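K.L.:
When you get a sec, could you give me coordinates for this:
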Amino acid sequence: MTFSRSQARQPATMSWIPYAFSRGVLRRNMLIAVFVGCALSISNQYDAFLSRQFTPKLAVKVLMNFIIPFAVSTVSAVLNRRVEGR
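P.N.:
Presented below is the predicted three-dimensional model:
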């Protein structure tokens, strides 16, 4: 069987991108990031929230509490799919 150039297999580094940003995976990972990010922000920054000391440094810390769980769950979903595909 021969394949035309358009049917050729994509490089492995590019094949995970559509899956990682598919609607179901993206929605699940965003939900995880919201729950984990809120829990981390409340548990780690509650004293700053209560004292109302909002600074750019605090904003970055809170933002990272949401970005890191999103990134970890996305990588986990992609790696899990790769293991299942073997």
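
K.L.:
mind listing the strands for the protein?
P.N.:
Along the chain, counting by DSSP state E, no stretch forms strands.

K.L.:
Could you list the low-confidence segments of it?
P.N.:
Low-confidence segments of the chain (pLDDT under 70): 1-14, 85-86.

K.L.:
again, only using 50
P.N.:
1-4, 6-8 (pLDDT under 50).

K.L.:
For residue 81, see how far away residue 15 is.
P.N.:
Separation of residue 15 from residue 81 (Cβ to Cβ, to the nearest Å): 10 Å. In this view, the C-beta of every residue, glycine as well, is placed from N, C-alpha and C.

K.L.:
Between the two, which contacts overlap?
P.N.:
Between them, residue 15 and residue 81 share no contacting residue under Cβ atoms under 8 Å, 6 or more residues apart in numbering.

K.L.:
now the helices for this structure?
P.N.:
12-20, 23-51, 56-84 (DSSP state H).

K.L.:
Throw those helices into JSON lines and include mean neighbour count, thanks.
P.N.:
As requested, the helices of the chain are arranged in JSON lines below (neighbours: other Cβ atoms under 10 Å):
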{"stretch": "helix 12-20", "mean neighbour count": "12"}
{"stretch": "helix 23-51", "mean neighbour count": "13"}
{"stretch": "helix 56-84", "mean neighbour count": "14"}
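
K.L.:
list the contacts for residue 20?
P.N.:
Counting by Cβ under 8 Å, 6+ apart, residue 20 makes contact with 26, 74, 77-78.

K.L.:
do that again at 7 Å, thanks
P.N.:
By Cβ atoms under 7 Å, 6 or more residues apart in numbering, the contact set of residue 20 is 74, 77-78.

K.L.:
Then residue 73?
P.N.:
29, 32-33.

K.L.:
do you know how far it is from residue 29?
P.N.:
The spacing between residue 73 and residue 29, counted by Cβ to Cβ, is 4 Å.

K.L.:
one step back: which one of the contacts of residue 20 is nearest residue 57?
P.N.:
Lowest distance from residue 57 to the contacts of residue 20 (Cβ to Cβ) belongs to residue 74, with 26.0 Å.
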